[in-house]
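**Student:** Quick one, what's the 3D model for this:
(one chain, ligands or ions: 2)
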Amino acid sequence: MRSATTDNRNTSRVGAIVLCAGKGERTGLEYNKVLYVVGQKTVLETTLDSLFATEIERVVLVISHDDEAAIKPLLKPYRGVTAVYGGTTRTDSVRLGLRALSGCDIVVIHDGARPFVSPDTVAASIESAREFGSGIAAVPTVDTIKQAEDGMITRSLDRSILYNIQTPQTFRYADILDAYEKASGVFTDDSEVYAQAGYVPHIVRGTYDNIKITTPADLLKAASGVRIGIGYDLHRLVSGRPLVLGGVVIPHGKGLLGHSDADVLVHAVMDAMLSAADLPDIGVLFPDTDGSLEGISSMELLRRVTELIKFHGYSVGNVSAVVTAQEPKLAPYIGAICASLASAIGVKQYKINVSATTAERLGKIGKGKAIAASASCLLTENHGQTDR
Ligand code: CTP
Ligand code: MG
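**Tutor:** Residues are numbered from 1 along each chain as shown. Ligands and ions are numbered 1, 2, ... in the order given. The predicted structure follows:
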């Protein structure tokens, strides 16, 4: 058994290898799963944000030629990330990544497809590597595991000593490089390569939500932090006021009556966003007794609601709204309305959908005395990563 090299914890520098050179075939996506978007970020960006929330100073991203054009623009906001090409197996990719890393004493090896790793797990694996030479994230196995051959169980395993192994797997750099340079064959994890070279891998407690996105079901799990909300509003139509819908002024003889600009669509959208976030509605947040709000643009209120949603840890997944108006015909303005809402909410336009319908000349709306709007909104939880 070999002893791990010594480490000076006051001066040791920590780098990471992030593996993204696979194809993600088992997800059934037509592209690499690290480019799958959860909330407002790709899996890859979410992973990098978690790693950079620790003392990691530099990252070698191992990518394939095929993904270079899609990945490079994502890396612009990050300092300390370099990309190298990987190999045909994960083992080759790690080896190539290790060779490209320099100036680090500790290396964190992490799958780019594990975006929900907590910075605490990464920090614990680094500490373990400093102390014992390695820190392998693992969780106690919850399923009963059996060995079977030809459809028959041949052996029962004692679950109390079994662990599911994850990444990060963190090592003293010199030791794991040495182990990978000596290793031949294909391995599914780094601790095995390390153990083959004669070192003893140490485990640290991971978390069950640190899943490796592998199957279509994992893509659903990754998006599971979503909340839906609904909003509705109605305003009277009166002469002598401009008609404003979604922040767009629409030529019409009449406009909506109300405090502020009475933008019924924006009001419904704001209530949908607030309800999804389990926050009080606009009547509570922006009461018509508040003189400072007199005449304020609803678009300004929408920007405030967007900030509030962000503050509470959510991103807007999409907004879908319908305006019920007998007149005027809204179809020519729908594009501009969607663009205006998207810009205030800070999302791409495809995330906003607005449709319009009449009331078949029935009721107050059908008689042209009022316009109503309803909206639904999907929010995604930001999983607590830092914004960079
Ligand atoms: N990986 C890599 N180089 C390879 C193969 C895999 O860098 N030649 C990376 C993947 O990008 C992923 C991690 O290793 O982040 C774990 O591998 P896996 O889950 O198997 O990912 P893929 O190989 O991309 O998926 P699949 O096997 O379904 O094609
Ligand atoms: Mg694979």
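
**Student:** from the stretch 1-150 of the chain, which residue is nearest to ligand 1?
**Tutor:** Gly22 (2.0 Å; CB to the nearest ligand atom). All C-beta atoms are positioned from the backbone trio N, CA, C, and that covers glycine.

**Student:** after the helix or strand harbouring Gly335, next one along is what?
**Tutor:** Using DSSP states H and E, Gly335 maps to helix 334-345. Per DSSP H and E, the first helix or strand lying C-terminal to helix 334-345 is strand 352-357.

**Student:** Starting from that next one, tell me the next helix or strand along the chain.
**Tutor:** Immediately after strand 352-357, counting by DSSP H and E, sits helix 363-366.

**Student:** Check which helices and strands that following helix sits against.
**Tutor:** strand 370-381 (3 or more CB pairs under 8 Å, 6 or more residues apart in numbering; DSSP states H and E).

**Student:** Now do the helix holding Gly335: which elements does it pack against?
**Tutor:** Here helix 334-345 touches strand 248-250, helix 264-276, helix 298-311, strand 314-324, strand 352-357, going by 3+ CB pairs under 8 Å, 6+ apart.

**Student:** What strands flank the last one, and is each parallel or antiparallel?
**Tutor:** As defined by DSSP bridges, the strand partners of strand 352-357 come to strand 314-324 (parallel).

**Student:** where does this structure have its least confident helix or strand?
**Tutor:** In the chain, the helix or strand scored least confidently by mean pLDDT, DSSP states H and E is strand 37-38, which has a mean of 82.

**Student:** and for it, what are the contacting residues?
**Tutor:** The contact list for strand 37-38, computed with CB atoms under 8 Å, 6 or more residues apart in numbering, reads 43, 46, 115, 222-223, 380, 383.

**Student:** which is the next helix or strand following that strand?
**Tutor:** That would be, after strand 37-38 and using DSSP H and E, strand 41-42.

**Student:** Can you tell me the strand partners of that following strand and which way each runs?
**Tutor:** Strand pairing for strand 41-42, using DSSP bridges, gives strand 37-38 (antiparallel).

**Student:** where's the dip in pLDDT among the contacts of strand 37-38?
**Tutor:** By pLDDT, His383 ranks lowest within these, coming in at 47.

**Student:** Surely Gly133 is in contact with His202?
**Tutor:** Yes. Gly133 is within contact range of His202, at 7.2 Å (criterion: CB atoms under 8 Å).

**Student:** more crowded one of those two?
**Tutor:** Legend: neighbour count by other CB atoms under 10 Å for Gly133 and His202, higher for Gly133 (24 against 19).

**Student:** Wait, a strand at Ala217?
**Tutor:** No. Membership of Ala217 in a strand is not supported by DSSP: H, G, I helix; E, B strand; the rest coil, which gives helix.

**Student:** start at 101 instead
**Tutor:** Fine by me, first position is 101 from now on; the one you just mentioned is Ala317.

**Student:** for it, what are its contacts?
**Tutor:** Counting by CB under 8 Å, 6+ apart, Ala317 touches no other residue.

**Student:** Could you check how far it is from ligand 1?
**Tutor:** Distance, Ala317 to ligand 1, using CB to the nearest ligand atom, to the nearest Å: 13 Å.

**Student:** closest to ligand 1 out of the helices and strands packed on helix 434-445?
**Tutor:** Of these, nearest to ligand 1 by CB to the nearest ligand atom is strand 414-424, at 23.0 Å.

**Student:** if you average pLDDT over the closest one, what comes out?
**Tutor:** Per-residue scores along strand 414-424 average to 94.

**Student:** need the residues of the protein near ligand 1, please.
**Tutor:** 119-126, 162, 186-190, 193, 211-213, 312, 314 (CB under 6 Å from any ligand atom).

**Student:** And the buried ones among the residues you listed, selectable in PyMOL?
**Tutor:** Typed into PyMOL, the line below selects the buried ones among those, using 16 or more other CB atoms under 10 Å:
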select buried, resi 119+120+121+122+124+162+186+190+193+211+212+213+312+314
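
**Student:** quick one: which of the residues of the chain next to ligand 1 sit in helices?
**Tutor:** The helices, defined by DSSP state H, take in 190, 193 from the residues of the chain next to ligand 1.

**Student:** coming back round to it: from the contacts of strand 137-138, which land in helices?
**Tutor:** Judged by DSSP H, helices contain the following of the contacts of strand 137-138: 143, 146, 322.

**Student:** Looking at the residues you listed, which is nearest Leu198?
**Tutor:** Proximity of the ones in helices among the contacts of strand 137-138 to Leu198 (CB to CB) peaks at Val143, which lies at 22.5 Å.

**Student:** tell me the strands in the stretch 101-250 of the chain, going along the chain?
**Tutor:** Secondary structure of the stretch 101-250 of the chain (DSSP state E, counting those that start in this stretch): strands located at 114-119, 137-138, 141-142, 158-163, 181-185, 206-211, 234-240, 246-249.
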